[in-house]
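S.K.: What follows is a predicted structure for the sequence shown.
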Amino acid sequence: MLPVTKKSKMRKRTRRSHHALRPVALLACPQCGQAKLPHAACKNCGYVNAHTRIEVAKEE
């Protein structure tokens, strides 16, 4: 079954207005300065916050 009337471009684009991607928010790690995600451990040094640190295996 086909639609009775054609949907306009504006109606279609308005419906999809919230589908856009948002840029990834990166912060500088306070310990080493590498880019890291907020509320996550640093992949370089393992720093999470002032009281917590995760041991990261170093590549040889």
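M.R.: Cool, got the structure. Everything quoted here is computed from the prediction, not taken from an experiment. Numbers count the residues shown, from 1 in each chain.
S.K.: quick one, what contacts the spatially most central residue of the chain?
M.R.: Geometric centre of the chain, nearest residue: Val24, 3.6 Å, by CA atoms, centre = their mean. When contacts are counted by CB atoms under 8 Å, 6 or more residues apart in numbering, Val24 touches Leu37. All C-beta spots, glycine's among them, are computed from the backbone N, C-alpha and C.
S.K.: element containing it, please.
M.R.: For Val24, there is no enclosing helix or strand under DSSP states H and E.
S.K.: Look up the pLDDT of it for me, please.
M.R.: At Val24, the pLDDT value in this model is 92.
S.K.: For this protein, just list every one of the helices.
M.R.: For the chain, the helices defined by DSSP state H occupy 9-15.
S.K.: low pLDDT regions in it?
M.R.: Low-confidence segments of the chain (pLDDT under 70): 59-60.
S.K.: Now Pro38. Nearest residue, chain neighbours left out?
M.R.: What sits nearest to Pro38 in space, not counting adjacent residues and going by CB to CB, 6 or more residues apart in numbering, is Leu27, at 5.3 Å.
S.K.: Please name the bridge partners of the one you found.
M.R.: For Leu27, the beta-bridge partners are Lys36 (DSSP bridges).
S.K.: Pretty sure it sits against His39.
M.R.: No: at 9.5 Å, Leu27 does not count as touching His39 under the criterion of CB atoms under 8 Å.
S.K.: and these two? which has more neighbours close in?
M.R.: When Leu27 and His39 are compared for neighbours, Leu27 comes out ahead with 13 against 8, by other CB atoms under 10 Å.
S.K.: Could you measure from the more buried one over to Val48?
M.R.: Counting by CB to CB, to the nearest Å, the gap from Leu27 to Val48 is 12 Å.
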